[in-house]
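S.K.: coords below, sequence missing:
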């Protein structure tokens, strides 16, 4: 049964707060920033506060989310109807400049996150929080669901030595927080010092995945087209740091993966015994762009059978280790650059650790590896409860 969930933008629309009246407003948004009737936040805020919007901001993939891949920047443009600037925070800068914030008093943020450490939107938000604090501006977050729920928290915490734009703070791969909660967490836990308010949702519970809500899924970026792609993403994203296709350039990004050399029989026989909550169906596919473009890849389509039992990160670490075991000659880690890092290995930035890559390569038992990060993960779980907005 789908539960009625009222998002932050809906709550803003129903009860526009007095503290926004008369303020010069900015809006950080993209195509997924809509209400239930699929009206964009830009139109809602323009209608609620006529003439107050002075600047728009966009995260990675652009205000219209048309940019496909990493390190493809979007330009600053002028909004054709409002005649105000649209500043790209994935351009020559990923941090808003004082000049951008000079135009506004308050930045409203309405961004759909996907609950995974390496998804860059939360770091764009964290930079906005930090700059707003320094310039004495306010931030208002319009909250949205974590599409993969608020109960399961998984993976190692980022090692600060491997901080980058795909991991700025020590959080686990799957953080279990809404965008409002993680913004509060960053602001207070890391002393960013911003005057930050969250307009919460109504009706959302931590146990809910996107499919449990009555909301329409709009891709926040081109390669997360469905709620299921978000469910596998916390694991499958690790293949971005390798020569294995993570399914970009196909109709099932992240749900399917492979390479021309994969021995699906050997890998599948071991994986099916160890991976709980999902079935791996051997497939062939041919990416139209990206890795192995126009070449037939052998691989798997991941079908989740029990979201409660499925641990995407551990499943993908196992699959990567099995591919390395059966294909030591063909498997490769990609060289830099990756997300504006030109020296450190992409896989280390994605895993948030060099140690994990080394242990996987040495064929260390993954259960032992998981034990190594459990204590820090438990500390994170305890800490982040202080920032829970929803029971």
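M.R.: Cool, got the structure. Computed from a predicted structure; not experimentally measured.
S.K.: for the rest of this, base every contact and every neighbour count on C-alpha atoms.
M.R.: Noted.
S.K.: point out where the stretch 1-150 of the chain drops to low pLDDT.
M.R.: The stretch 1-150 of the chain contains residues with pLDDT under 70 at 65, 67-72.
S.K.: which parts of it are helices?
M.R.: Taking DSSP state H, counting those that start in this stretch, the helices of the stretch 1-150 of the chain run over residues 8-14, 41-48, 98-101, 121-134.
S.K.: now do the contacts for residue 187.
M.R.: With contact taken as Cα atoms under 8 Å, 6 or more residues apart in numbering, residue 187 is in contact with 126, 129-130, 193-194, 196.
S.K.: secondary structure class for it?
M.R.: helix (DSSP: H, G, I helix; E, B strand; the rest coil).
S.K.: next: residue 360.
M.R.: Quick answer, by three-state DSSP: residue 360 is helix.
S.K.: circling back: of the contacts of residue 187, buried ones?
M.R.: Buried by 16 or more other Cα atoms under 10 Å: 126, 129-130, 193-194, 196, out of the contacts of residue 187.
S.K.: TSV for those residues, including distance to residue 221?
M.R.: Shown next, in TSV, are the buried ones among the contacts of residue 187 (distance: Cα to Cα, whole Å):
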residue	distance to residue 221
126	19
129	22
130	24
193	29
194	27
196	26
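S.K.: between those, which is closest to residue 97?
M.R.: Of all the buried ones among the contacts of residue 187, residue 97 sits closest to residue 130, with 11.2 Å by Cα to Cα.
S.K.: tell me who's in contact with that closest one.
M.R.: Residue 130 neighbours (Cα under 8 Å, 6+ apart): 187, 192-194.
S.K.: which one of these is nearest residue 87?
M.R.: Of the contacts of residue 130, the one sitting nearest to residue 87 (Cα to Cα) turns out to be residue 194, at 20.8 Å.
S.K.: is it possible to export the helices of the stretch 1-150 of the chain to a markdown table including distance to residue 200?
M.R.: Below are these laid out as a markdown table (distance: least, Cα to Cα, whole Å):
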| stretch | distance to residue 200 |
| --- | --- |
| helix 8-14 | 5 |
| helix 41-48 | 15 |
| helix 98-101 | 24 |
| helix 121-134 | 17 |
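S.K.: so of those helices, which one's packed in deepest?
M.R.: helix 121-134 (a mean of 22; mean count of other Cα atoms under 10 Å).
S.K.: one step back: which of the helices of the stretch 1-150 of the chain sits closest to residue 233?
M.R.: Across the helices of the stretch 1-150 of the chain, closest to residue 233 is helix 121-134 (Cα to Cα), at 14.7 Å.
S.K.: quick one: distance of the closest one to the chain centre.
M.R.: Centroid separation for helix 121-134 versus its chain: 16 Å, with Cα atoms, centre = their mean, to the nearest Å.
S.K.: change the start of the numbering to 47 and stick with it
M.R.: Got it, the first residue is 47 from now on, which makes the last one we talked about helix 167-180.
S.K.: that older thread, looking at the helices of the stretch 47-196 of the chain, which is nearest to residue 272?
M.R.: Closest among the helices of the stretch 47-196 of the chain, using Cα to Cα: helix 167-180, at 17.6 Å.
S.K.: my guess is residue 124 contacts residue 131, does it?
M.R.: Yes - Residue 124 is within contact range of residue 131, at 4.4 Å (criterion: Cα atoms under 8 Å).
S.K.: where do the strands sit along the stretch 297-437 of the chain?
M.R.: 302-305, 324-331, 343-350 (DSSP state E, counting those that start in this stretch).
S.K.: buried ones in the second one?
M.R.: To tie it back to what came earlier, the one meant is strand 324-331. Buried, per 16+ other Cα under 10 Å, within strand 324-331: 324-326, 328, 331.
S.K.: tell me which of those is nearest to residue 268?
M.R.: residue 331 (18.8 Å).
S.K.: so who does residue 360 touch?
M.R.: Going by Cα under 8 Å, 6+ apart, residue 360 touches 201, 281, 412.
S.K.: can you tell me which of those residues is nearest residue 312?
M.R.: The closest of the contacts of residue 360, once distances to residue 312 are taken by Cα to Cα, is residue 412, at 18.5 Å.
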